[in-house]
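Asker: using only what follows, build the 3D model:
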Amino acid sequence: MSALPPRQQQIIQAHAALITRVVMACSNRAMLPELEPVLEMSVQNGWGNLVMIIRQILNGRRDVSLTMGLDEEDGVIVEAILRGIQNPATLPDPNAKPDAGLAAPGLATMIDAAGKGDTQALQLLANMAEQMVKAGGDMAKLGGMMRQLVNGERDADKLAKGMSVQGRELVYSILTEMGKLASH
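Answerer: Presented below is the predicted three-dimensional model:
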């Protein structure tokens, strides 16, 4: 996974459990009943296009044209599933803790793009923020501050207030990456 751009790595890690479950169900059909509730919940959460493509993969379709017409996030997920079917060694670890070093550049890029009016980036950030809030702790605080970051807030102390050391480090890393983007 390390050869992929940071944003793609972040998307893959965020969806590692789904990606690995789909790949496992492709090789072991007995796992399909366990996967079905996950797919149904995904449809209810607005991921209908992605689930439609996943169902095609589960039914044996394997060509890269499956990604045509998908947004960036869905396309990255589908490509990761297809790579995982071909080579299970490429699968992300669903139990891995998020790498702040990986998250900061990807989040900074999305926040920068959303702040400049990129609706796809804004939608992706909104989806990520919603998941972060559900995760609780520092992730919930980070998810809750996405709007502030998109709207231009850069006061690190204000943004990181009440976070753990790791949470503050992530906020500082995001702001550092955003500073690099602003200087270009």
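Asker: domain parsing for the protein?
Answerer: Domains of the chain are assigned by automatic domain parsing as 6-90, 100-182.
Asker: which one of these has the lowest average pLDDT?
Answerer: The stretch with the lowest mean pLDDT among the domains of the chain is domain 100-182, at a mean of 86.
Asker: returning to that earlier point: can you redo the domains of the chain as CSV with mean neighbour count?
Answerer: For the C-beta atoms, the positions are set from N, CA and C on the backbone; glycine is no exception. Below are the domains of the chain laid out as CSV (neighbours: other Cβ atoms under 10 Å):
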stretch, mean neighbour count
domain 6-90, 16
domain 100-182, 17
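Asker: contact partners for the closest residue in space to Arg55 that isn't next to it in sequence?
Answerer: Leaving aside its sequence neighbours, Arg55 sits nearest to Leu39 (Cβ to Cβ, 6 or more residues apart in numbering; 7.4 Å). Leu39 is in contact with Val51, Ile54, Arg55, counting by Cβ atoms under 8 Å, 6 or more residues apart in numbering.
Asker: thought the first one was touching Gln44?
Answerer: No: counting by Cβ atoms under 8 Å, Val51 does not reach Gln44; the two are 9.8 Å apart.
Asker: could you say which helix or strand holds the residue lying closest to Gly144 once chain neighbours are set aside?
Answerer: Using Cβ to Cβ, 6+ apart and skipping residues adjacent in sequence, the residue nearest Gly144 is Val133, 6.2 Å away. Val133 belongs to helix 119-135 when assigned by DSSP states H and E.
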